[in-house]
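S.K.: Sequence plus the predicted model coming up.
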Amino acid sequence: MRAQLGPFRFKHTEWGALLLITSIATPLRSEETLVPQLVKRIKPASVTIVTYGGGEIALGQGSGFFIGANQLISNRHVFEGAYRADVKAANGETYSVKGILAEARDSDLILLQVDIPLGAIQPLSVITALPQEGERIIVVGSPLGLEQSLSDGLVSAIRESSNGSYIFQITAPLSEGSSGSPVMNLNGEVIGVAVAQLVPGQSLNFAIPGADVAALKPGAIKTLMEWTVGTAREAEEVYSKGLALLWSGDLAAALTFFEQGIHHHPEHGEAWLQVGYCHLHLGRYREAIEAFQKGLQLRPDSAAGYSNLGVAYVRVAQYAEAIVALEQALRIRPSMVEALSNLCHAYSTAGRYQDASQACAEAIRLEPARAAAYSTASRTYCHLGRYQEAIAAAQQAIRLNPEDAVAYTALGLSYRQLGQHLPSSAAIRQATQLEPGYVAEEHNMLGVTLSEQGQYEASVPLFIEAMHIDPRLVAARANLGLSYSHLGRSQEAIEAYQRALQMAPNDAETWYSLGWEYATASRYPEAMEALQKALQLIPTAKIYTNLAFVHMKLGRFQEAIDGLNRALQIQPDFAEAHLNLSLTYLAMGNQEAALREYALVKRLDQQLANRISDLFPK
């Protein structure tokens, strides 16, 4: 259900509202002796922006600041519908905006060129490092036409945004006309660009980080008139509103606006990508994938689009597709930490642990405070058997995010493998309180990893513990059966498969495993029944081949041949089917047919052919 929306607008001044309010600036605390010096430095680079539409109609007002001799930063939405714009500097002089050098729809930023004499202003320094939550900030802007007004506050929250960057919420009061103001730390450095917005019932003030400003690269200049004429204004207006709602965390409402934007302009690539992002975080993964694919057709240069598409593919367990998408994101933007972190997760989930460890290491190198990268690294190192590194990574992840169930699980499993049972139990207990389903599944997955390495004995207690944590985890019971089978504990394997099938009676793979276990125990009638059940669920060449083997053992040669021919209809080059067909013909005394099939086995799989080479003349 979509949220019902009330009135909504960005906080840049609609012309004519200036007489309603006389003062909004919040005075800075007197004990801050640095602030007066900072203000003297900031004000000369800060400007008031006035925009005009066709016929010189005044549209509204915003704020901005210089980052170069004639390069001005502001919010993109401030210029919607504008045919021209002027900027008024602190010295009272007015200068014309010559045109647009760069823009970023997904972060609501715009870089402009202004006709201003050389040396008329002192540009501000922009840093790319994120601030700390609780850090003191000051803002200089032109709210409600009150030029060069100061307000102060704190960074109250930092969260990831849809473009792979961040957005941070600030407590400094902002009003209409504040959008585009510089957000400064107490070192006099710009850490972000203010975005003021009104949402029904509340006022939320955000800042776009300096890293997004630094990412704007000047290109060929375009006049405001050219830009506005080439823009679907209605689509842009609702897109901007959707972006603000997205930053406020109201995904359902944001989705409504992005969809409206697409209705006005179906080729709006960024709107499609934001629709995908909303669906992704609302748990609608298939809809997200479809929207991302459409958006990327229109915006094939969007690294964030490919990164988010990769996450959506991971959510539906399409790991190969996820890895392709995330690798493409990194081809576009090699230093995109979010894509690296997501790729690390995709590699790890797909069992490509060595690749995952490299991706995690690079993500951590680029952003040492990214908890998710340490978390995935801890899981990855655990599966690689690098338990001390897993413990170190997990501990760092937990320091950064004390509620990280993945890190606690990796920590507990690593301690367990090292024989340190007390800290293992404490970590697993904490992880289970946070996310019991994940903890059980991860015990199961580490058991699978050890089984694939031939460590079947070590895998057994992990599968048993997984079942203890979550008795509904069918996969752990089936995997326990496989480990017992490899250890030669046939009856225990059969019992494990039977319990799994009581919980999931339509699991073809477990029926197949049970049938094969019966066959290895020479319990052929029971094997035939289990394999026939598997065939009813999923008729594969492998199941037909093993059922034929059982028929052959029972002396039912024609039924074996019929089954093997069915297998070869499904998979003509299935070497195991040709091998069993050769053996069946040999048992029937048909030497010529047996040799013919044997020749096919040699062509398809020489190692497999060597297993029965002694049965045929050299």
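M.R.: Structure received.
S.K.: Flag every buried residue along stretch 520-535.
M.R.: For stretch 520-535, a neighbour-count test (16 or more other Cβ atoms under 10 Å) marks Arg523, Tyr524, Glu526, Ala527, Met528, Ala530, Leu531, Lys533, Ala534, Leu535 as buried. C-beta: built from backbone N, CA, C; applies to glycine.
S.K.: And those residues, which is closest to Asn506?
M.R.: Set against Asn506, the nearest of those by Cβ to Cβ is Lys533 (9.4 Å).
S.K.: dump the residue contacts of that closest one.
M.R.: Trp511, Gly515 (Cβ atoms under 8 Å, 6 or more residues apart in numbering).
S.K.: Check Glu160 too.
M.R.: Contacts of Glu160 by Cβ under 8 Å, 6+ apart are Tyr166, Ile167, Glu338.
S.K.: and stretch 97-117, what's its mean pLDDT?
M.R.: The average pLDDT for stretch 97-117 rounds to 91.
S.K.: Tell me the span between the first and last residue of that stretch.
M.R.: End-to-end distance for stretch 97-117: 13 Å, by Cα to Cα, to the nearest Å.
S.K.: of all the buried residues of stretch 520-535, which comes closest to Met445?
M.R.: Ala534 (24.2 Å).
S.K.: shouldn't the closest one be in contact with Asn506?
M.R.: No. Counting by Cβ atoms under 8 Å, Ala534 does not reach Asn506; the two are 10.3 Å apart.
S.K.: joint contacts of these two?
M.R.: In contact with both Ala534 and Asn506: no residue, using Cβ under 8 Å, 6+ apart.
S.K.: Show the pLDDT at His551.
M.R.: 93.
S.K.: An error on my part: the question was meant for Glu147.
M.R.: Looking at Glu147, the pLDDT reads 69.
S.K.: for Ala17, same thing?
M.R.: 30.
S.K.: and Gly515, helix, strand or coil?
M.R.: helix (DSSP: H, G, I helix; E, B strand; the rest coil).
S.K.: ditto for the one 10 residues further on
M.R.: The three-state label for Pro525, taken from three-state DSSP, comes out as helix.
S.K.: In contact with the closest residue to it other than its chain neighbours, which residues are there?
M.R.: Leaving aside its chain neighbours, Pro525 sits nearest to Leu554 (7.9 Å; criterion: Cβ to Cβ, 6 or more residues apart in numbering). Residues in contact with Leu554, defined by Cβ under 8 Å, 6+ apart, are Tyr524, Pro525, Met528.
S.K.: separation between the second one and Ala519?
M.R.: Pointing back at Pro525 there. 10 Å (Cβ to Cβ, to the nearest Å).
S.K.: circling back to that earlier point, farthest pair in the buried residues of stretch 520-535?
M.R.: Arg523 and Leu535 (18.1 Å).
S.K.: follow-up on the earlier one: quick one: the contacts of Leu554 as JSON lines, columns for distance to Thr409 and pLDDT too.
M.R.: Output for those, formatted as JSON lines (distance: Cβ to Cβ, whole Å; pLDDT from 0 to 100):
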{"residue": "Tyr524", "distance to Thr409": "42", "pLDDT": "94"}
{"residue": "Pro525", "distance to Thr409": "43", "pLDDT": "94"}
{"residue": "Met528", "distance to Thr409": "41", "pLDDT": "94"}
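S.K.: List just the nearest of the residues you listed to Ala350.
M.R.: Of these, the one sitting nearest to Ala350 (Cβ to Cβ) turns out to be Met528, at 35.7 Å.
S.K.: hey, where'd the strands end up in the stretch 1-150 of the chain?
M.R.: Ranges of strands within the stretch 1-150 of the chain are 9-10, 13-14, 46-52, 58-66, 71-75, 84-88, 94-104, 109-114, 136-141, 149-160, based on DSSP state E, counting those that start in this stretch.
S.K.: Output those strands as JSON lines; include the columns distance to Gly488.
M.R.: Formatted as JSON lines, the strands of the stretch 1-150 of the chain follow (distance: least, Cβ to Cβ, whole Å):
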{"stretch": "strand 9-10", "distance to Gly488": "71"}
{"stretch": "strand 13-14", "distance to Gly488": "80"}
{"stretch": "strand 46-52", "distance to Gly488": "78"}
{"stretch": "strand 58-66", "distance to Gly488": "74"}
{"stretch": "strand 71-75", "distance to Gly488": "70"}
{"stretch": "strand 84-88", "distance to Gly488": "80"}
{"stretch": "strand 94-104", "distance to Gly488": "63"}
{"stretch": "strand 109-114", "distance to Gly488": "65"}
{"stretch": "strand 136-141", "distance to Gly488": "67"}
{"stretch": "strand 149-160", "distance to Gly488": "50"}
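S.K.: Please name the residues that touch the spatially closest residue to Gln297 that is not a sequence neighbour.
M.R.: Leaving aside its chain neighbours, Gln297 sits nearest to Gly269 (7.8 Å; criterion: Cβ to Cβ, 6+ apart). Residues in contact with Gly269 (Cβ under 8 Å, 6+ apart) are Gly295, Leu296, Gln297, Leu298, Arg299, Ser302.
S.K.: Including neighbour count and pLDDT, could those go into TSV?
M.R.: Below are the contacts of Gly269 laid out as TSV (neighbours: other Cβ atoms under 10 Å; pLDDT from 0 to 100):
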residue	neighbour count	pLDDT
Gly295	25	96
Leu296	21	96
Gln297	11	96
Leu298	16	94
Arg299	18	93
Ser302	25	93
